[in-house]
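A.B. asks: 3D, please:
(one chain, ligands or ions: 1)
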Amino acid sequence: MPGWKDDVDVLVHEGKISVPYSWTVGSTLSRFYCELRDNAKIWANRCPSCGKVFAPPKIKCIDCYEDLHDWVELPGTGTVETYTVVRYEEPVLHPRKAPFAYGIIKMDGADTGMVHFIGDVDPEEVKAGMRVEAVFEDEREGNILDIKHFRPIT
Ligand SMILES: [Zn+2]
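C.D. replies: Okay, the predicted model is just below:
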């Protein structure tokens, strides 16, 4: 086959493929997302060995590899550990229109951070160390965006 292109005008067609898919989030995140959807509550899980609390919950402790079956309801408040401000539109889909802020929220009662939007505030006013609380969507579907964003506690 070497040289086959010598005798042919090679045509290239540009296109896009839409690939519908579905996947299971597993038993741990199913419980987490169902609590968001059905009760507007944020739950975490605790390692029985080292006591570390994970929010969002995990299947296993990242330090001791213990299975995590102890569930803890969190109060829905936390602290912005770090953040960034998106000031431009991306060609890929952002779930929010720029400008918007998002960051890592360390939930009260948890030892880990949760990445989420920070809203109801000018993005330029967001600060590390800011105290925030979860704001839930009125219509929830069972995913992380059931939390609309975290807003400053005034
Ligand atoms: Zn552990």
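
A.B. asks: Now do the strands in the chain.
C.D. replies: For the chain, strands defined by DSSP state E occupy the ranges 42-46, 53-54, 70-74, 77-86, 100-107, 113-118, 131-136, 147-152.

A.B. asks: want to throw these into JSON lines with distance to Ile17 and mean neighbour count?
C.D. replies: Glycine gets a C-beta too; all of them are placed from N, C-alpha and C. Listed next are the strands of the chain as JSON lines, based on distance: least, Cβ to Cβ, whole Å; neighbours: other Cβ atoms under 10 Å:
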{"stretch": "strand 42-46", "distance to Ile17": "36", "mean neighbour count": "23"}
{"stretch": "strand 53-54", "distance to Ile17": "36", "mean neighbour count": "20"}
{"stretch": "strand 70-74", "distance to Ile17": "40", "mean neighbour count": "14"}
{"stretch": "strand 77-86", "distance to Ile17": "27", "mean neighbour count": "17"}
{"stretch": "strand 100-107", "distance to Ile17": "29", "mean neighbour count": "22"}
{"stretch": "strand 113-118", "distance to Ile17": "29", "mean neighbour count": "20"}
{"stretch": "strand 131-136", "distance to Ile17": "35", "mean neighbour count": "18"}
{"stretch": "strand 147-152", "distance to Ile17": "31", "mean neighbour count": "20"}
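
A.B. asks: Output these in JSON lines, with distance to Glu124 appended to each entry.
C.D. replies: Formatted as JSON lines, the strands of the chain follow (distance: least, Cβ to Cβ, whole Å):
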{"stretch": "strand 42-46", "distance to Glu124": "27"}
{"stretch": "strand 53-54", "distance to Glu124": "31"}
{"stretch": "strand 70-74", "distance to Glu124": "28"}
{"stretch": "strand 77-86", "distance to Glu124": "7"}
{"stretch": "strand 100-107", "distance to Glu124": "8"}
{"stretch": "strand 113-118", "distance to Glu124": "11"}
{"stretch": "strand 131-136", "distance to Glu124": "16"}
{"stretch": "strand 147-152", "distance to Glu124": "13"}
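
A.B. asks: and these as CSV, adding distance to Leu36 and mean pLDDT?
C.D. replies: Converted to CSV, the strands of the chain look like this (distance: least, Cβ to Cβ, whole Å; pLDDT from 0 to 100):
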stretch, distance to Leu36, mean pLDDT
strand 42-46, 7, 98
strand 53-54, 15, 98
strand 70-74, 11, 97
strand 77-86, 15, 97
strand 100-107, 13, 97
strand 113-118, 12, 96
strand 131-136, 7, 98
strand 147-152, 7, 98
